[in-house]
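Student: below is the structure, and that's it, no one-letter string:
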């Protein structure tokens, strides 16, 4: 066999491998999404996953939300005061949080805090043959292990995002009203008047649901396809954070364009 | 060199059979058209040097891998052609003891044993509790019911995993390298367990191992794999007799450094690399 045909064979193998891998990932994702509702039949298990992914992320989310709100209050006040429009501080802070920063920053923190741990957990279960053991016990790991984590993320991220926004608005209130003496009635009044339950709040929630799903899917893939070595597992957790963060930002742009782009 | 007649002699009725099975990983051919029979009701050892695909064989039998050609028959069903649902039905009739036990680390020993029962039966919690204690008693671990796998020794973890493997009263029990890393005492316990469980529960057992002495001491039937082929199969006595005419078999069974099996090349090239190939000869 000459060098040229060897080279062609190698290209062929790379292409075939890539196609096989992409196909496997797609089938895996579709199977996972198809059984995503199954954990509702095991409420205890689901609650455990929501606890692990959501409740344990609360502290970081609340603290981050508070600081983001404080910064928004400060920055907003300096900008708005040059237009003599500081009474709009509340709505500015609230809209930035509810539409964008709430879902996006929550998702980024969630990817780092919960996504990485999902990947590590599944990768370790795979390495120690626990997933194989499940399969051989006629228990589908996709239904039993992956689906509860996906559903838990889909439930947890919107709730976390809502809490993030709420704490952020309180942070803005503290800086604006308590420290910089903006009128409290106009802080809340403007929010009540100008924020729309569907256009703003729902849009933010839709984003958060989508982010939760994307992060969990990526985390579960990476764990499932991690190489069973120390290096492989380290790589997989890093990949989860990097890929899901980028995916969240890209998806945020797409969703924003669709929902607010008119 | 082919001793298929022996296999037919001892095999009363096959519980597992491979027919013309070929399996390759990428370019690497692991099984080359092998035929192999695991008789019903017996303890069979599948032996071979490291890297002969013994664990791959286990995954083929469990339907986790599919062969490129040929068939895997388990209890009369063609595993490689079953749909997922039928495959899962069949797997309930098999118990597998993984190399390191593969216990679920976030469940206690008792919960691990109860796991398949809770997944696949509608039994009351009380009855499950009773069965779990019964199975743990069978492997001598009743006292460890509330401990977590991380706190068990290697031998205990393997026995706990064995209790889980027999939880659903399987017909077939597959052991993946059960003897590696066992101290002499837990080895003795394990050997006795494998033999006794097979008789008491009316199982068919397949033990994948490279420990020749242990395999000979408890198994009714032995299969030796090497270089993608079945090197020999038969009762321990038949293999001992056959050894005299087959240098490759003798090399593996007696653990010789030199012989027709390719270990020799590895040893030679390694010795050469270390600069004392002359000394080895």
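Tutor: That came through fine. Remember, predicted model here, so these are calculated numbers, not experimental data.
Student: now check stretch A:46-58, is it near chain B?
Tutor: No - Stretch A:46-58 stays clear of chain B (CB under 8 Å from any CB of the partner chain), getting no nearer than 9.6 Å. Every C-beta, even on glycine, is put in place using the N, C-alpha and C of the backbone.
Student: by contact count, what packs against the host helix or strand of residue A:17?
Tutor: When elements are assigned from DSSP states H and E, residue A:17 belongs to helix A:3-34. Counting by 3 or more CB pairs under 8 Å, 6 or more residues apart in numbering or on different chains; DSSP states H and E, the packing neighbours recorded for helix A:3-34 are helix A:147-173, helix A:203-224.
Student: after it comes which helix or strand?
Tutor: Going down the chain from helix A:3-34, the next helix or strand is helix A:43-53, by DSSP H and E.
Student: could you pull up the mean pLDDT of the helix holding residue A:17?
Tutor: Summarised as a single mean, pLDDT over helix A:3-34 is 87.
Student: in it, what's buried?
Tutor: Buried residues in helix A:3-34, counted by 16 or more other CB atoms under 10 Å in any protein chain shown: A:28, A:31-32.
Student: which one of the helices and strands packed on helix A:3-34 lies closest to chain B?
Tutor: With CB to the nearest CB as the measure, helix A:147-173 is the member of those nearest chain B (13.0 Å).
Student: helices or strands next to that closest one in the packing?
Tutor: Helix A:147-173 is packed against helix A:3-34, helix A:43-53, helix A:58-81, helix A:89-95, helix A:102-110, helix A:116-127, helix A:184-194, helix A:203-224, with contacts defined by 3+ CB pairs under 8 Å, 6+ apart.
Student: got the angle between it and helix A:116-127?
Tutor: 160 degrees (axes from the mean of the first three to the mean of the last three CA atoms, to 10 degrees).
Student: got the angle for helix A:147-173 vs helix A:3-34?
Tutor: Orientation of helix A:147-173 against helix A:3-34 (the same axes, to 10 degrees) gives an angle of 70 degrees.
Student: buried set for helix A:147-173?
Tutor: For helix A:147-173, a neighbour-count test (16+ other CB under 10 Å) marks A:147-169, A:171-173 as buried.
Student: turn the helices and strands packed on helix A:3-34 into TSV, columns for mean pLDDT.
Tutor: Below are these laid out as TSV (pLDDT from 0 to 100):
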stretch	mean pLDDT
helix A:147-173	95
helix A:203-224	94
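Student: including distance to residue B:57, could these go into a markdown table?
Tutor: Converted to a markdown table, these look like this (distance: least, CB to CB, whole Å):
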| stretch | distance to residue B:57 |
| --- | --- |
| helix A:147-173 | 31 |
| helix A:203-224 | 24 |
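Student: name the nearest residue to residue A:37, sequence neighbours excluded.
Tutor: Residue nearest to residue A:37 in three dimensions, not counting chain neighbours: residue A:151, with 7.5 Å by CB to CB, 6 or more residues apart in numbering or on different chains.
Student: which residues does that neighbour contact?
Tutor: Neighbour list for residue A:151: A:36-37, A:39-40, A:46, A:49 [criterion: CB atoms under 8 Å, 6 or more residues apart in numbering or on different chains].
Student: show the buried residues in those residues.
Tutor: Listed as buried from the contacts of residue A:151 are A:36, A:39, A:46, A:49; burial here means 16+ other CB under 10 Å.
Student: since we're on residue A:119, how many residues are nearby?
Tutor: For residue A:119, the neighbour count with other CB atoms under 10 Å in any protein chain shown is 28.
Student: any idea how far chain B is from it?
Tutor: Distance, residue A:119 to chain B, by CB to the nearest CB, to the nearest Å: 16 Å.
Student: who are the contact partners of that residue?
Tutor: By CB under 8 Å, 6+ apart, the contact list for residue A:119 reads A:219-220, A:222-223, A:226, A:236-237, A:239-240.
Student: how about the nearest residue in space to residue A:123 that is not next to it in sequence, phi and psi?
Tutor: Of all residues not flanking residue A:123 in the chain, residue A:226 sits nearest, at 3.8 Å (CB to CB, 6+ apart). Note on residue A:226: backbone dihedrals following degrees, to the nearest 10 are phi -70, psi 140.
Student: verify the contact between residue A:226 and residue A:232 for me.
Tutor: Yes - with contact defined as CB atoms under 8 Å, residue A:226 counts as touching residue A:232 (5.1 Å).
Student: shared neighbours of the two, anything?
Tutor: By CB under 8 Å, 6+ apart, residue A:226 and residue A:232 have these common neighbours: residue A:123.
Student: and those two? Which one has more around it.
Tutor: residue A:226 (24 against 13).
Student: ok, the more buried one - contacts?
Tutor: Contacts for residue A:226 (CB under 8 Å, 6+ apart) come out as A:119, A:122-123, A:126-127, A:232-233, A:235-236.
Student: kindly recompute the last result at 10 Å.
Tutor: Residues in contact with residue A:226, defined by CB atoms under 10 Å, 6 or more residues apart in numbering or on different chains, are A:119-120, A:122-124, A:126-127, A:232-237, A:239-240.
Student: out of these, who's nearest residue B:253?
Tutor: Closest approach to residue B:253 among the contacts of residue A:226 (CB to CB): residue A:127, at 33.0 Å.
Student: picking that back up, can you tell me which of the buried residues of helix A:3-34 is nearest chain B?
Tutor: Nearest to chain B among these is residue A:31, at 10.0 Å by CB to the nearest CB.
Student: which one is that closest one nearest to, not counting chain neighbours?
Tutor: residue A:142 (5.5 Å).
Student: need the residues of the stretch 51-200 of chain A near chain B, please.
Tutor: Contacts of the stretch 51-200 of chain A with chain B, taken as CB under 10 Å from any CB of the partner chain, map to A:121, A:124-125, A:127-140, A:144-145.
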